[in-house]
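Enquirer: Have a look; sequence and predicted model below, questions after that.
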2 protein chains.
Amino acid sequence: MKNVKFARCIRCGREYDAVPDLTTCECGGILDIVYDYDYIKTQLTKEKLAARTERTMWRYRELLPVEETTAPTPLRVGWSPLYEESRLADRLGLGRLWVKDDGQNPTASLKDRASAMAVAKAGEAGAKTIACSSTGNAASSLAGNAAAAGLETFIFVPSRAPKGKVAQLLTFGATVISVEGSYEDTFELSKAAIDKWGWYNRNAAINPYLSEGKKTVALEIMEQLNWQVPDYIAISVGDGCTIAGLWKGLKDLYAIGFIDRLPRLISAQAEGCCPLNRAIAQGGDWHPMEENTLADSIAVGVPRNADKALMAIRESNGIAVNVSDAEIMAAQQLLGRTCGVFGEPAGVTGTAGVKKLCEQGILGREDTVVSVVTGNGLKDVANAIRACGDPITIPSDMELLQKAFRDRGVKL
Amino acid sequence: MKNVKFARCIRCGREYDAVPDLTTCECGGILDIVYDYDYIKTQLTKEKLAARTERTMWRYRELLPVEETTAPTPLRVGWSPLYEESRLADRLGLGRLWVKDDGQNPTASLKDRASAMAVAKAGEAGAKTIACSSTGNAASSLAGNAAAAGLETFIFVPSRAPKGKVAQLLTFGATVISVEGSYEDTFELSKAAIDKWGWYNRNAAINPYLSEGKKTVALEIMEQLNWQVPDYIAISVGDGCTIAGLWKGLKDLYAIGFIDRLPRLISAQAEGCCPLNRAIAQGGDWHPMEENTLADSIAVGVPRNADKALMAIRESNGIAVNVSDAEIMAAQQLLGRTCGVFGEPAGVTGTAGVKKLCEQGILGREDTVVSVVTGNGLKDVANAIRACGDPITIPSDMELLQKAFRDRGVKL
C-alpha cells in the first residue's frame, strides 16, 4: 500500500505496520490509519475521479487502505443517492438540505461500507472466515458481503436479537451463535472464539480498517455536491465508528486539497442513550448509560469508539443534539411523506436532530445541511407500524368511502 | 413525444393518441405504446448512451413514452446491479449466470420502475393525485415515488394486506383505504373512486405506460452485458405486466439494432398459482386459478395482463416452469448463501425456475442465463424466518460452543 504510512494509536501514539489483521494497540487504544497525502495527491485528481465509471465505494481506491492488487468486493456497496430536498428544507426553515440515503446499500445500511472493507482485508490476510458480534446491521452486512465473496462467517448475537435479523443472517449462510446473556457476554464469547480459531475480526472499533470503509460516505457526499462544502453534516451516533469515519473522510479530502474547508458535524443521539453527546455537553469524558430507546442500532450505552467519535465532534466544532423516541418516529414519517425515503429509527435520528435544531433556532435559512440516513426502514417494520395511525377500514361501498373521507377531513 | 406514434389495442388493433391518461381500449383490450424506431435510431446510439452519467431508468429517455420536457422523477430508480455469479453457475451446471438484483430500488422492488413512470405521466396529465389498488410492491412503490414528487396518493388494499406493507404506505403518507372483502372488491371500489374523483390511474394493466417503465430492466441488462445477448432471461410472473415489459424492452433494442437476436424468456410461476404457465403448457387460453403460494406478489389467480404476457412468452419461444413453495424458499437461501442477494419469495422464483430447469437437464453448461430478482427479502421477513433453521443457542461458554460445533458438524 503505497498510499498508507502506518497505523497509529490515538491514545499513546505508538505506530504499527499496516498489516491486514490489525486490531487494537497494546495499550488498549484504537488505531488510526495514517496516509501519505503527498503521494496520494500525485495519484488522484478531481478530473481523474470524474472520469471513472465505477459507482461504488471502490472508486476512491487511492484513499482506501487496500493493496493495489486487491479487487473490489462483489456487492455494489456505496454511491447511494444524495437527494436535494427543497420542500423539506423549506418546511424546516433551512437554506438547503440534502438527504444521503444510505439505506440503499446491498444489505440496506451504511454498515455495508465497513463490511466490504472487512471482506477485502480478510482476503489480503488470507483468511477464509470472518467473525463478529453484533445484533444488527453490522452482522447482516458482514454476512451478505462475505457470502458474495465466498467467505464463511461466524456471527455472535445476544439471544434477545430480533428474529428478523437472525433470519437475514441465516439466509446469508452465516453460522449464527445466539448467546444467552448480555451483549457483553456475547462480545466476550466472540473474542474468545476469534482468539482460538484465528478468524478475521470484524468487531467494531477493534479493527481499524472498518471506519476507513465508512468514510466513503463522506467522499461520496462531497463528490456528489461537486466539492461544495455544506455548513453541517448530521448523522446518528451509537458506538461512534460511523461519525469517526465520516470525519476521517472529510479530513482526507481537505488534506489532498479537494475541499477548502470542513463542515461542522451534528451528532444526533437518542435522549434515552446519549453517553457521547452528554460528554460533549459537559465538556468531559463519557460515562456508560442505560439503553432506553427504540432506535436499536444506536442503543449503545458503552460506545466502543468513543475516543475517535468525541475527537471528531470536537475537532469539527460540532453540535450534539438528543432527540426523544417520539421525535425520531416523527422524523421517520416526515422523511417518508416529504422525500419518499423510508429510514429505520436509528437511520432517521440525524434528521430528527436537524429538525430539532431548526425548531430551536440553532439552524436557519442561512444554513446548508446534509443529513445521512444510515439504514432502511424495512429493517424494523414493527416500530413503523406502531407509529402510524390506522388506515380507513370499510366494506367496498362508495357511500361509506365518502362518509369516511368526510369524517376524517380528507381533502379531495 | 416525437418518439411515440400512438397506442394500439393488442386485441382489436384500434389506435389511440398517446395522451398521458390513457387507460384501456373501448373493447376492453390492453393498449400497447407504438414507437417510431426510425426516428429513435437517429437520436440514440450506443456511444451516446455510454457517455451518459445518469444512472437511472431515465438514461433511456429516447425509448420511453415521456415528453421531451418531462423531468426525471426524484427517486433513484433503476440501474440496479447485475452480478455475474460464477460460483452459482458452476453449482447449477450452467455456462454463465448473471443475477439482476432489482430489490436494490428505492422502495426495494422492480415496481419502482412502473411507479416512477406513473408519476412522470401523472405530471404530464396535470394530476396532483394518483390512485391504485394493490396489496404489495406496486402500492409501496407508488406511495414512495409520489411522495418524493409531492403528489398525493390514494391506495386501496384488501384488509388481509400484511400490516408491514400498510405501515410502509402510511409512512409514505398515502391515504390508505383497507377494504373488507376480496381483492376484486378492492379493485372495484378503487375503480369507482378513480372514476368519481378523476385521480390518475396506476392500476396494473389498465395504464399502458406502466410496462414501458418496467421494460427499462431489459434495457439495463443488455447495456450492462455490453449488448451481448444471453440465451435466456428468467423472471417470476404474476399478473403478467413485468414479463411483458421485459419483452418489450428487448424488442425495442432489437428494432433499433442495438442487439442482433432475442433471448428466450423463462416464465417462472408458483405451482399453486400458475394460470399463465398452464396456458403455455396446454397451448390454449388461460383460466383462473386458486392462489396457493406463499410468494404473495405473484399469487395472482386472475392475471390482468395475460394477453401481453402470453404473447411475450410465446413470441420468445419461451419456457414455462412451475416451482413449489419449498423450491422457492430453497432458491432464497441459495441466492443468499452463494451471492449475498436476499430476495423476497416472489423475487427469487425466477432463480428457483432456473435451478429446476438445470436439474431437469433443460438448461446446461452451454447456456447463458440472466435471472431477475424482482424484490427485496426484507419485504417479507416472516417467510424467511420459517425457512431458516434455528441458530446455535448457548450461554457464553467456550466449552459449550465447542460442543455445539462438534454436535452440528461445523467445520473449523
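Expert: Sure thing, it's come through. Numbering: from 1, shown residues only, chains lettered A, B, ... in the order given.

Enquirer: residues in the stretch 251-400 of chain A within reach of chain B, list them.
Expert: Where proximity means CB under 8 Å from any CB of the partner chain, the interface of the stretch 251-400 of chain A facing chain B comprises A:332-333, A:336-342, A:376-379, A:381, A:384-385, A:387-389, A:391-398. From N, CA and C alone the C-beta is placed, and that goes for glycine too.

Enquirer: Show the contacting residues for the closest residue to residue A:26 other than its chain neighbours.
Expert: Residue nearest to residue A:26 in three dimensions, not counting chain neighbours: residue A:14, with 7.0 Å by CB to CB, 6 or more residues apart in numbering or on different chains. Contacts of residue A:14 were listed using CB atoms under 8 Å, 6 or more residues apart in numbering or on different chains, and they are A:8, A:25-27, A:29.

Enquirer: Compute the distance between residue A:14 and residue A:211, please.
Expert: Distance, residue A:14 to residue A:211, using CB to CB, to the nearest Å: 19 Å.

Enquirer: pLDDT-wise, which helix or strand of chain A ranks last?
Expert: Within chain A, judged by mean pLDDT, DSSP states H and E, the helix or strand with the poorest mean is helix A:163-171; its value is a mean of 82.

Enquirer: so where's the stretch 51-200 of chain A uncertain?
Expert: Using pLDDT under 70 as the threshold, the predicted model of the stretch 51-200 of chain A has low-confidence ranges A:164.

Enquirer: Can you show me the helices along it?
Expert: Secondary structure of the stretch 51-200 of chain A (DSSP state H, counting those that start in this stretch): helices at A:86-92, A:111-124, A:137-149, A:163-171, A:183-197.

Enquirer: Serialize those to JSON lines and add fields for mean neighbour count and distance to residue A:250.
Expert: Converted to JSON lines, the helices of the stretch 51-200 of chain A look like this (neighbours: other CB atoms under 10 Å in any protein chain shown; distance: least, CB to CB, whole Å):
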{"stretch": "helix A:86-92", "mean neighbour count": "17", "distance to residue A:250": "22"}
{"stretch": "helix A:111-124", "mean neighbour count": "28", "distance to residue A:250": "15"}
{"stretch": "helix A:137-149", "mean neighbour count": "29", "distance to residue A:250": "22"}
{"stretch": "helix A:163-171", "mean neighbour count": "24", "distance to residue A:250": "31"}
{"stretch": "helix A:183-197", "mean neighbour count": "18", "distance to residue A:250": "30"}
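
Enquirer: Now render the ones you listed as JSON lines, adding distance to residue A:259.
Expert: As requested, the helices of the stretch 51-200 of chain A are arranged in JSON lines below (distance: least, CB to CB, whole Å):
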{"stretch": "helix A:86-92", "distance to residue A:259": "22"}
{"stretch": "helix A:111-124", "distance to residue A:259": "20"}
{"stretch": "helix A:137-149", "distance to residue A:259": "28"}
{"stretch": "helix A:163-171", "distance to residue A:259": "36"}
{"stretch": "helix A:183-197", "distance to residue A:259": "37"}
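
Enquirer: Reformat these as JSON lines; add distance to chain B.
Expert: Conversion of the helices of the stretch 51-200 of chain A to JSON lines gives the following (distance: least, CB to the nearest CB, whole Å):
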{"stretch": "helix A:86-92", "distance to chain B": "6"}
{"stretch": "helix A:111-124", "distance to chain B": "10"}
{"stretch": "helix A:137-149", "distance to chain B": "3"}
{"stretch": "helix A:163-171", "distance to chain B": "4"}
{"stretch": "helix A:183-197", "distance to chain B": "4"}
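
Enquirer: how near is the residue nearest to residue A:26 to chain B?
Expert: Residue A:14 sits at a distance of 30 Å from chain B (criterion: CB to the nearest CB, to the nearest Å).

Enquirer: Now do the least confident helix or strand of chain A: everything it contacts.
Expert: When contacts are taken as CB under 8 Å, 6+ apart, the neighbours of helix A:163-171 outside the stretch itself are A:107, A:135-136, A:139-140, A:143-144, A:155, A:157, A:176, A:178, A:379, B:332-333, B:336-337, B:342, B:377-378, B:381, B:384-385, B:387-389, B:391.

Enquirer: and if we set it to 7 Å?
Expert: For helix A:163-171, the external contacting residues (CB atoms under 7 Å, 6 or more residues apart in numbering or on different chains) are A:135-136, A:139-140, A:143, A:155, A:157, A:176, B:332-333, B:336, B:342, B:377, B:381, B:384-385, B:388-389, B:391.
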